[in-house]
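S.K.: Pasting a predicted model and its sequence here:
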Amino acid sequence: MLQSYEGLMAYLENKPAVTSDFPFGLDTRVFRVGNKIFVLMSWDQEPIRISLKAEPTDAVILRQTYPAVTPGFHLNKQHWNTLVCDGSVPDDEVRHMIDESYRLVLAGLPKDIHSKIMMNLDGK
């Protein structure tokens, strides 16, 4: 199941040019592309919570559609949502939310870093 720790780790670590670390302590794992955060995972809670970047309009729609999606915890509430991975949001939607967060952060990187990542993707 995607919304388990193992499922999320496999999906996130498979994304191109992704790194992870624990800059805020061992309870929050951070996933980055081009050194910019696109997912924060509170992995030591049950159920796991992940915070994801979203377009402002999409962020509101997701919150209205799924009770498990709330404004980003300790983040810019306009651009970030927090998802409680309790299985109530379909895995396809969770994948889409992760992919969209990745896409938004990748698109916002400086051109030289973005180009380098894209060249590496094309070369694979």
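M.R.: Ah, there it is.
S.K.: who are the neighbours in contact with the residue nearest to the spatial centre of the chain?
M.R.: Centroid check for the chain by C-alpha atoms, centre = their mean gives residue 39 as the closest residue, at 3.1 Å. For residue 39, the contact set (C-beta atoms under 8 Å, 6 or more residues apart in numbering) comprises 12, 30-31, 50-52, 98, 101-102. Glycine gets a C-beta too; all of them are placed from N, C-alpha and C.
S.K.: which one of those residues has the most neighbours?
M.R.: Comparing the contacts of residue 39 by number of neighbours (other C-beta atoms under 10 Å), residue 52 comes first, having 28 neighbours.
S.K.: after the helix or strand that contains that one comes which helix or strand?
M.R.: Counting by DSSP states H and E, the element that carries residue 52 is strand 49-53. Next along the chain after strand 49-53, taking DSSP H and E as the criterion, comes helix 56-65.
S.K.: What are the buried residues along that next one?
M.R.: 59-60, 62-63 (16 or more other C-beta atoms under 10 Å).
S.K.: what's next to it, contact-wise?
M.R.: 54, 69-71, 78-81, 97, 100.
S.K.: Contact partners for residue 11?
M.R.: Taking C-beta under 8 Å, 6+ apart, one finds 2, 95, 98 in contact with residue 11.
S.K.: picking up where we left off before, dump the contacts of residue 39 into JSON lines; add distance to residue 43 and pLDDT as well.
M.R.: Converted to JSON lines, those look like this (distance: C-beta to C-beta, whole Å; pLDDT from 0 to 100):
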{"residue": "12", "distance to residue 43": "11", "pLDDT": "96"}
{"residue": "30", "distance to residue 43": "11", "pLDDT": "97"}
{"residue": "31", "distance to residue 43": "11", "pLDDT": "97"}
{"residue": "50", "distance to residue 43": "9", "pLDDT": "97"}
{"residue": "51", "distance to residue 43": "12", "pLDDT": "96"}
{"residue": "52", "distance to residue 43": "14", "pLDDT": "97"}
{"residue": "98", "distance to residue 43": "15", "pLDDT": "98"}
{"residue": "101", "distance to residue 43": "17", "pLDDT": "97"}
{"residue": "102", "distance to residue 43": "18", "pLDDT": "96"}
